[in-house]
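**Student:** my questions concern the predicted model and sequence given below.
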Amino acid sequence: MRRAVRWTLIGAGIAAVLVVAALAAVPYLVDTPRVQALVASSVSQALGRRVAFAGVSVAVLPLPAVVLRDLQVAEDPAFGPGPFLTIDRAEVRLRLWPLLLLRVELGDFVLKKPAISLVQRADGRWNISSLGAAPEPRAGGRARPGGGGGGAAGALLGSRVRIADGQVTYERRARGAAARYRVEGLDFTLTGAVGGGLAFRGDGTVRPGDLAVRISEGTVGPAAGRALHDAPVRARVTLDAKNVHDLVAPVAGAEPVVAGGLRGSLAVSGTVGDPVVSGEVALTDASVTRTNPECPAPKRRTLTLGTVRMTAGWEGARVTGRPLAAAIGGGAVTANLTATLDGGIRVELDDLAVRALPLETVLVDFLCQGYAVTGPLDLTGRASARLGDVWRTLGGQGQLRIGPGRIVGARALALLGGVVRLGGAVSSLLSADLPPSLFASPLEFDSITGTYRVTDGVVTTRDLLYTSRAMKVAVAGSYTLATGALDLDVVVDHGRGQVKARVTGTTASPSIRVAPATILRDLEPGKVERSLRDLLKQFR
């Protein structure tokens, strides 16, 4: 037993001596100029970009490595002067076993705190599209070209490439505006895959927004003779954010403020340059907040949406949610969503279905509409708009039913009261049937039904019908969302008579013109004479 222990210790001592001797010999074994040229030509040929670095040194501890200082990879000239990647320190690890045999073989390639710039132009082209497309004839900086280019590139990519604590900035350029995000704390590993190609995994945090992203099961297929842009890709991606407010604001604007936690599980396919993403995404405790000067204090109002779920997809500049489902109060909203990100965000909602949506929550508590009504809303149709200018770009069509409920908006009550009062100026009988005081407080109704069409923010209807026990009101015409402009024909049928009015102007200051013939048509001549005589007495 003692002999075995002794020989074990002797063996360990010999191994330790060999390791120390190998480490001590590293500076002498490594031909620094040759390695400098080898790394430069390998990376240049692998990426198809000019590579420059200030110099090369050899480090023994903690692991033997060749250290590259101030490394830069050039940008695609079509995207500006660059650079695409900058790094203060990169290490090319040396394999330990060959060192013991006094041979130098390159191992892992470690990039510590690199800064990588990803840019997408308005036409959808990425600055990584040309990576690997055309190898540079020589490397820049102080590096000297070396032989063995193709084999060296293959050897380099056959090793493991690791990014430690990296930062990736993303910029999308569209119509003079730019959306910018960055990934911080990026840890990413790239290794050779069985059967060719590459395997990768990693995680990082997207800011603004503190969105945690984790990538697993990633593979990039072989792309011999093709750019990296065309290489097939597969991966699983998980998303996790406590609040999407800062994530959404750069593309949606300062208001409305969208908030809520984000959870997602996505599958990536397609190619590196044109990925296709699909999976499940949920926005929890979602809400929308906006400041409305029309509201009494508080001016800043929040609409709670609960949990918004969708089966999401992303391809090119298009994001889809098919279907999207949300809840507001006791109501439900479902639709097929398509968001186009080219030149601003344009949202389209097809197969839109609203069931039992409590309008008081939206129109009164959130929007503070002067024409607000309460009651459950059922609606089917479609809609589209650009998020930066919803009221002027809204389009779509559909049909709706509201009720039973009440008219509570002061402007709606004043408008109906104005029509009745003008009618009463000609017919005292009408005033008796529908006293103006009826419109001084919320007015109950059985239903509001109709169809509508919206074009560039102008809502038109031909058959909007308000029904209550006291009267029916038919409305046809247009309403401009951005300015509040009105151009409506209103017919009030109170059972014993009818008032037809033309309403123009704006919602804040409507102009009402009543057609007297509609009031006098059904009245007896004697009643007309008495009504007019009583009316003239008021002006004596």
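**Tutor:** Perfect, I can see it now.
**Student:** what stretches of the stretch 101-250 of the chain score poorly on pLDDT?
**Tutor:** Within the stretch 101-250 of the chain, the ranges that satisfy pLDDT under 70 run 101-106, 124, 132-159, 173-179, 193-195, 222-228.
**Student:** apply 90 and report the result again.
**Tutor:** For the stretch 101-250 of the chain, applying pLDDT under 90 flags the ranges 101-166, 168-182, 189-199, 207-210, 219-232, 244-250.
**Student:** now the strands for it?
**Tutor:** Using DSSP state E, counting those that start in this stretch, the strands assigned to the stretch 101-250 of the chain run over residues 106-112, 115-120, 161-174, 177-192, 198-207, 211-220, 233-241.
**Student:** keeping just the C-alphas, turn the helix or strand that contains residue 459 into PDB.
**Tutor:** If you go by DSSP states H and E, residue 459 is part of strand 458-467. Extracted as PDB, the C-alpha positions of strand 458-467 are listed here (Å, rounded to 0.1, in the frame of the first residue of the first chain):
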ATOM      1  CA  VAL A 458     -63.400  59.400 -40.500                       C
ATOM      2  CA  VAL A 459     -66.200  57.300 -39.200                       C
ATOM      3  CA  THR A 460     -69.300  57.000 -41.400                       C
ATOM      4  CA  THR A 461     -72.600  55.200 -40.700                       C
ATOM      5  CA  ARG A 462     -75.900  55.000 -42.500                       C
ATOM      6  CA  ASP A 463     -78.000  53.100 -40.000                       C
ATOM      7  CA  LEU A 464     -77.100  53.900 -36.400                       C
ATOM      8  CA  LEU A 465     -80.200  53.500 -34.400                       C
ATOM      9  CA  TYR A 466     -80.800  54.500 -30.800                       C
ATOM     10  CA  THR A 467     -83.900  52.900 -29.200                       C
END
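**Student:** picking that back up, who wins for proximity to residue 337 among the strands of the stretch 101-250 of the chain?
**Tutor:** strand 233-241 (17.3 Å; C-beta to C-beta). Bear in mind the C-beta positions are built from the backbone N, C-alpha and C, glycine included.
**Student:** and the angle from the closest one to strand 211-220?
**Tutor:** Counting by axes from the mean of the first three to the mean of the last three C-alpha atoms, to 10 degrees, strand 233-241 lies at 170 degrees to strand 211-220.
**Student:** partner strands of strand 233-241, parallel or antiparallel?
**Tutor:** Here strand 233-241 is paired, per DSSP bridges, with strand 211-220 (antiparallel), strand 257-270 (antiparallel).
**Student:** any chance of JSON lines for those strands, columns mean neighbour count and distance to residue 478?
**Tutor:** As requested, these are arranged in JSON lines below (neighbours: other C-beta atoms under 10 Å; distance: least, C-beta to C-beta, whole Å):
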{"stretch": "strand 211-220", "mean neighbour count": "17", "distance to residue 478": "42"}
{"stretch": "strand 257-270", "mean neighbour count": "17", "distance to residue 478": "30"}
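**Student:** out of those, flag the one nearest residue 114.
**Tutor:** Of all the strands paired with strand 233-241, strand 211-220 sits nearest to residue 114, with 16.8 Å by C-beta to C-beta.
**Student:** any idea which element the closest residue to residue 229 other than its chain neighbours lies in?
**Tutor:** Closest residue to residue 229 apart from its sequence neighbours, by C-beta to C-beta, 6 or more residues apart in numbering: residue 273 at 3.3 Å. Under DSSP H and E, no helix or strand contains residue 273.
**Student:** any idea how far residue 273 lies from residue 80?
**Tutor:** Distance from residue 273 to residue 80, counting by C-beta to C-beta, to the nearest Å: 19 Å.
**Student:** between those two, which one's more packed in?
**Tutor:** Per other C-beta atoms under 10 Å, whichever of residue 273 and residue 80 has more neighbours is residue 273, with 18 against 12.
**Student:** just the pLDDT at that one, thanks.
**Tutor:** pLDDT recorded at residue 273 is 74.
**Student:** what's the distance between it and residue 201?
**Tutor:** Residue 273 sits 20 Å away from residue 201, going by C-beta to C-beta.
**Student:** same check on residue 289?
**Tutor:** Separation of residue 289 from residue 201 (C-beta to C-beta): 37 Å.
**Student:** can you give me the end-to-end distance of stretch 502-513?
**Tutor:** Stretch 502-513 stretches 5 Å from its first residue to its last (C-alpha to C-alpha, to the nearest Å).
**Student:** my bad, should have said stretch 259-278
**Tutor:** Termini of stretch 259-278 sit 23 Å apart (C-alpha to C-alpha).
**Student:** that older thread, which one of the strands of the stretch 101-250 of the chain lies nearest to residue 340?
**Tutor:** Distance to residue 340, taken as C-beta to C-beta, is lowest for strand 161-174 among the strands of the stretch 101-250 of the chain, at 11.0 Å.
**Student:** minimum distance to residue 363: which of the strands of the stretch 101-250 of the chain has it?
**Tutor:** strand 233-241 (30.5 Å).
**Student:** buried set for the closest one?
**Tutor:** 233, 234, 235, 237, 239, 241 (16 or more other C-beta atoms under 10 Å).
**Student:** closest one to residue 445 out of the residues you listed, please.
**Tutor:** Nearest member of these to residue 445, counting by C-beta to C-beta, is residue 241, at 43.2 Å.
**Student:** OK, contacts around the closest one?
**Tutor:** Residues counted as contacts of residue 241 (C-beta atoms under 8 Å, 6 or more residues apart in numbering) are 209, 210, 211, 212, 247, 261, 262.
**Student:** any idea which of those residues is closest to residue 457?
**Tutor:** Closest to residue 457, out of all of those and judged by C-beta to C-beta, is residue 247, at 27.7 Å.
**Student:** so what's that closest one closest to, chain neighbours aside?
**Tutor:** In space, residue 247 is closest to residue 209, 2.8 Å off (C-beta to C-beta, 6+ apart).
**Student:** run a quick neighbour tally on the one you found.
**Tutor:** The burial count assigned to residue 209 is 19, neighbours taken as other C-beta under 10 Å.
**Student:** wait, isn't it in contact with residue 239?
**Tutor:** No: using C-beta atoms under 8 Å, residue 209 is not in contact with residue 239; the gap is 10.4 Å.
**Student:** export the strands paired with strand 233-241 to JSON lines and append columns for distance to residue 513.
**Tutor:** Listed next are these as JSON lines, based on distance: least, C-beta to C-beta, whole Å:
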{"stretch": "strand 211-220", "distance to residue 513": "56"}
{"stretch": "strand 257-270", "distance to residue 513": "42"}
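**Student:** which among the ones you listed is found nearest to residue 319?
**Tutor:** Per C-beta to C-beta, nearest to residue 319 of the strands paired with strand 233-241: strand 257-270, 11.5 Å.
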